[in-house]
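Chemist: Prediction below, plus the sequence it came from.
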Amino acid sequence: MKSLITSGVIVTCLCAIMYCMSCAVPASSVRTGEGAAASEMERFFQYFVSLEALPHEALSREYARQEVAFAQSHSAEDRLRLVLLLSLPDTDFGDRLRALELLQAYLNEPEPHPTGSMDVAVFLMTFMENKTYRSAYESRISNLKKDLAEKEQQLAEQQQTIKKLQDDLGAQRILYNNTNKKLQEILNEKERQFAVSRYLDKRLQDEKRNVKKLQEQIERIKDIEKGLIEREQKDNKGT
């Protein structure tokens, strides 16, 4: 009963401190803990109190250390401490929307959570989930949905463009194959004509040689005929 009363007092004090704190001063890199008997809510409150006394640079170092700690352990305690750091106002690393997302992810887990961790998480959610945070969170979700719709539209347009390019490529291939076939036919015809031309040229050369031989033969015959005529004329004179 005493511990329940103590926890209630701590929650009330923590709520008042977090609500009234207009400027959070950075925290130390050493986790606070008053002993093994301290409840999770008490340890969380002690950690919060330790953050108040830290200068800005030390608080930034504590945030960086807590990011690493949560990435390695994924424990509820490290998650809730990181949520607290992210929700502090007037810091370079503050990101309340991310803090809210981390909290909601924890609360939405199907596995049962320790009572102390759930008390801290519910308290932080109650503190953070006001109209301003909810509006900003819903705005982020809306923007993400809008971006997703735009990406899907871009993907559909790209797919249409790809299909058109594929169709154009197919048409170009058909045109290329037809043109190549025609060129091959023309080339074959040219080769055939060239072969015929070479054959006719050879025939022409052969005919020219034959004509030349005939002319030579005719000339020899003329010479023989001329010689016979001259001999015959000589014989006629002698008689």
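Modeler: Alright, I've got the coordinates.
Chemist: all helices of this protein, in order?
Modeler: Taking DSSP state H to define them, one finds helices in the chain at 2-20, 40-52, 56-73, 76-87, 96-107, 115-128, 131-238.
Chemist: From what I see, residue 121 and residue 84 are in contact.
Modeler: No: taking contacts as Cβ atoms under 8 Å, residue 121 lies outside contact range of residue 84: 10.9 Å. (Glycine included, C-beta is placed from N, CA and C.)
Chemist: quick revisit: could you identify which of the helices of the chain is most buried?
Modeler: helix 76-87 (a mean of 22; mean count of other Cβ atoms under 10 Å).
Chemist: now it: mean pLDDT?
Modeler: Taken as a whole, helix 76-87 has a mean pLDDT of 91.
Chemist: Contacts for it, please.
Modeler: With Cβ atoms under 8 Å, 6 or more residues apart in numbering as the test, helix 76-87 has contacts from 27, 31, 40, 43-44, 47-48, 51, 59, 62-63, 66-67, 69-70, 91, 93-96, 98-99, 102-103, 106, 113-114, 117, 120-121, 124, 127-128.
Chemist: now residue 52: how far from residue 169?
Modeler: Distance of residue 52 to residue 169, computed by Cβ to Cβ, to the nearest Å: 67 Å.
Chemist: so where's the chain uncertain?
Modeler: Low-confidence segments of the chain, defined by pLDDT under 70: 1-38, 129-141, 238-239.
Chemist: how about 50 then?
Modeler: 1-37, 131 (pLDDT under 50).
Chemist: Count the neighbours of residue 39 for me.
Modeler: 17 (other Cβ atoms under 10 Å).
Chemist: ok, now which ones touch the residue lying closest to residue 104 once chain neighbours are set aside?
Modeler: In space, and not counting its chain neighbours, residue 104 is closest to residue 125: 7.6 Å by Cβ to Cβ, 6 or more residues apart in numbering. Residue 125 sits next to 100, 103-104, 107 when contact means Cβ under 8 Å, 6+ apart.
Chemist: what about 10 Å?
Modeler: Neighbour list for residue 125: 83, 99-100, 103-104, 106-107, 133 [criterion: Cβ atoms under 10 Å, 6 or more residues apart in numbering].
Chemist: wait, doesn't residue 40 sit right on residue 114?
Modeler: Yes: checked against Cβ atoms under 10 Å, the pair residue 40 and residue 114 is within contact range at 6.7 Å.
Chemist: Overlap in contacts, the two.
Modeler: Residues touching both residue 40 and residue 114 (Cβ under 10 Å, 6+ apart): 76-77, 120.
Chemist: Closest to residue 193 out of the residues you listed?
Modeler: Nearest to residue 193 out of the shared contacts of residue 40 and residue 114 is residue 76 (Cβ to Cβ; 90.6 Å).
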